[in-house]
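>>> Make a model of this:
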Amino acid sequence: MSGNRLIDAALVRQAQEGDEAAFEAIVRRLDPMLRAWFVSRIGQRAEVDDLVQNTLLRLHRGLPDLHDPTRLQAFVMKAAVFETQDYYRGRYGPREYLAGPDALSRWSEAVPGADVRIDAERALDLLSEKARAILEMREYGYRYAEIARSLDMTEAAVKMQVKRALRKLRKTLGESGGA
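As a prediction, this is how the structure comes out:
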């Protein structure tokens with residue numbers, strides 16, 4: 001292994017050929033570097049584990065397409081930069097407002113004059129399982145292209161599912177509630 005390279009090209013080629021032990025060795029070597037990268041960017045936060053894991057997932061998905069095994073570290077750092085950008089765009093932000101169905105009734109009771117009763121569970125039950133999954137992924141900040149890849153759909157089909165699901169929710173919940 002070269003003195004300035006973290007991972008030998010032969011090890012990368014073995015991982016590309018499906019050698020799980022080689023891939024695990026790569027992950028073990030990259031993990032401390034990625035943790036240091038994210039801690040230097042966002043500090044000691046719980047999200048660091050998620051960011052490292054997502055970066056390694058990008059590596060796993062992109063490893064077969066890496067043409068030059070000597071460029072693995074550059075590839076991984078580019079993935080880390082993308083994950084950092086996603087973090088700052090809010091993809092990893094807290095999602096506490098995704099509370100259970102009783103949160104809506106607490107809201108209507110806590111707001112003076114709010115006599116709006118929303119049956120969100122009933123409205124969501126009217127959607128297909130795929131439509132609910134797509135809306136949930138959008139709520140967590142996934143882009144249309146990412147959703148399309150993960151659900152084996154086209155990006156246009158995902159957008160249409162979102163449009164139809166939101167139209168159905170608006171119709172069910174009614175526009176009079178200020179939604």
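
>>> drop to CA atoms for contacts and neighbour counts, all remaining ones
Fine.

>>> how about low-confidence regions in this structure?
Residues of the chain meeting the criterion pLDDT under 70: 1-5, 90-121, 175-179.

>>> do that again at 50, thanks
1-4, 93-108, 110-118, 175-179 (pLDDT under 50).

>>> So which elements touch the strand or helix carrying Ala133?
Secondary structure assigned from DSSP states H and E places Ala133 in helix 129-139. Packing contacts for helix 129-139, counted by 3 or more Cα pairs under 8 Å, 6 or more residues apart in numbering; DSSP states H and E, involve helix 144-151, helix 155-173.

>>> Can you give me the domain boundaries for the chain?
The chain breaks down by automatic domain parsing into domains covering 9-88, 102-174.

>>> most tightly surrounded among those domains?
Among the domains of the chain, domain 9-88 has the highest mean neighbour count (mean count of other Cα atoms under 10 Å), at a mean of 16.

>>> Grab the longest helix from this protein for me.
Ranked by number of residues, the top helix in the chain under DSSP state H is helix 20-42.

>>> between the next helix or strand after that one and helix 20-42, how many degrees?
Of the helices and strands lying after helix 20-42 in sequence (DSSP H and E), the nearest is helix 47-62. Interaxial angle, helix 47-62 versus helix 20-42 (axes from the mean of the first three to the mean of the last three Cα atoms, to 10 degrees): 140 degrees.

>>> how far does the helix holding Ala133 sit from the chain's center?
13 Å (Cα atoms, centre = their mean, to the nearest Å).
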